[in-house]
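Peer 1: Quick one: sequence plus predicted model below, questions after.
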Amino acid sequence: MTEDEVKARAYAMPLTSPAFPRGPYRFVNREYLIVTYRTDPVALRAVTPAPLEIVDPIVKYEFIRMPDSTGFGDYTESGQVIPVSFHGQRGSYVHAMYLDDESPIAGGRELWGFPKKLAAPKLTIEKDTLLGVLRYGPVPVAVATMGYKHRALPHDGILASLSTPNYLLKIIPHVDGTARICELVQYFCEDVTVKGAWDGPSALELFHHALAPVAQLPVLEVISGVHILCDLTLGLGAVIHDYLA
């Protein structure tokens, strides 16, 4: 294999058997349970990287069911997203994500810089309840519940919320362990089709775990819960801030 051949094929690791294909990455029947809650502002500031700015001491805890995703297959994800502002533009910073499929873990981290770790999230319907449970090993670290499809929501507001910018902190180390890439990345969800959206009574419990520290952003008050079903394409990102420049 020549050097030019290596460069032509070098879009992901391993070189001769990449963990994921080239995009675009389309998600069909992507299902969200999002519980928005108020948290400790001091704890929130401690995990939100500048130049992003906190808008309010709010966190969105998400369970996302993805049964049909291009290249990544069928998997479930769970984690925390923080509403932020970047140079006056409102968006969301992805703080933590836990999922059960190696391919989107590799693709998410290598391409965009998603903070993905291997765990065991589930999003299911239990009788009259939408239930999200995140386990790290055998230990439950997050449990969210919501009344199933209590009230339909207008699709335009949901579409607007899914179309705002999202921010990630992408870190790739050098061989000596120092940061070789340390960037703030912006990406968008594109070609979004909202198929359904509902709200209802909701609850969220977070439990302390040394390697899945979701409870470091404690639940002080649950504000709302929303259930969304949609199709979308995960757009590739753009670097908007280089910490090493």
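Peer 2: Alright, I've got the coordinates.
Peer 1: So for stretch 77-89, mean pLDDT?
Peer 2: Per-region confidence: stretch 77-89 scores 97 on mean pLDDT.
Peer 1: Name the residues of it that are buried.
Peer 2: By 16 or more other Cβ atoms under 10 Å, the buried positions in stretch 77-89 come out as 77-84, 86. The C-beta positions use only the backbone N, C-alpha and C, and glycine is treated the same way.
Peer 1: Taking those residues together, which two end up most distant?
Peer 2: Maximum pairwise distance in the buried residues of stretch 77-89, criterion Cβ to Cβ, is 24.6 Å, between S78 and F86.
Peer 1: State the number of residues packed around the nearest residue to T76 once chain neighbours are set aside.
Peer 2: Excluding its sequence neighbours, the residue lying closest to T76 (Cβ to Cβ, 6 or more residues apart in numbering) is P121, at 4.7 Å. Neighbour count for P121, taken as other Cβ atoms under 10 Å: 24.
Peer 1: in what helix or strand does P121 lie?
Peer 2: If you go by DSSP states H and E, P121 is part of strand 120-126.
Peer 1: How about G157?
Peer 2: Going by DSSP H and E, G157 is in helix 155-162.
Peer 1: after that helix comes which helix or strand?
Peer 2: strand 166-173.
Peer 1: how about the strand holding P121: buried residues?
Peer 2: Buried-residue list, strand 120-126, by 16+ other Cβ under 10 Å: 120-121, 123.
Peer 1: What of stretch 21-33?
Peer 2: Within stretch 21-33, the residues that count as buried by 16+ other Cβ under 10 Å are 25-27, 30-33.
Peer 1: How far away from the center of its chain is it?
Peer 2: Centroid separation for stretch 21-33 versus its chain: 12 Å, with Cα atoms, centre = their mean, to the nearest Å.
Peer 1: Compute the mean per-residue pLDDT across it, please.
Peer 2: In this model, stretch 21-33 has a mean pLDDT of 97.
Peer 1: all numbers from here: first residue = 2
Peer 2: Happy to do that; since the first residue is 2 now, the last one works out to stretch 22-34.
Peer 1: Pull it out as CSV, backbone CA atoms only.
Peer 2: Taking C-alpha atoms only, stretch 22-34 is exported to CSV below (Å, rounded to 0.1, in the frame of the first residue of the first chain):
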residue,chain,number,x,y,z
PRO,A,22,-18.8,3.7,6.9
ARG,A,23,-18.6,7.1,5.4
GLY,A,24,-21.7,9.3,5.8
PRO,A,25,-24.2,10.8,5.4
TYR,A,26,-25.9,9.3,8.5
ARG,A,27,-29.7,9.2,8.3
PHE,A,28,-31.8,8.2,11.3
VAL,A,29,-35.4,6.8,10.7
ASN,A,30,-37.9,6.6,13.5
ARG,A,31,-35.5,8.2,16.0
GLU,A,32,-37.3,8.4,19.3
TYR,A,33,-36.5,10.8,22.2
LEU,A,34,-37.5,11.0,25.9
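Peer 1: Not counting that stretch itself, show me its contacts.
Peer 2: With contacts defined as Cβ atoms under 8 Å, 6 or more residues apart in numbering, stretch 22-34 is touched by 12, 63-73, 108, 112, 124, 131, 133, 145, 147, 192, 196, 226-237.
Peer 1: quick one, the strand or helix carrying R66 and strand 121-127 angle?
Peer 2: Using DSSP H and E, the element containing R66 is strand 59-70. Orientation check (axes from the mean of the first three to the mean of the last three Cα atoms, to 10 degrees): strand 59-70 against strand 121-127 gives 90 degrees.
Peer 1: now the helix or strand bottoming out on mean pLDDT in the chain: how far from the chain's centre is it?
Peer 2: When each helix and strand of the chain is scored by mean pLDDT, DSSP states H and E, helix 4-10 comes last, with a mean of 95. Using Cα atoms, centre = their mean, the mean C-alpha position of helix 4-10 is found 32 Å from that of the whole chain.
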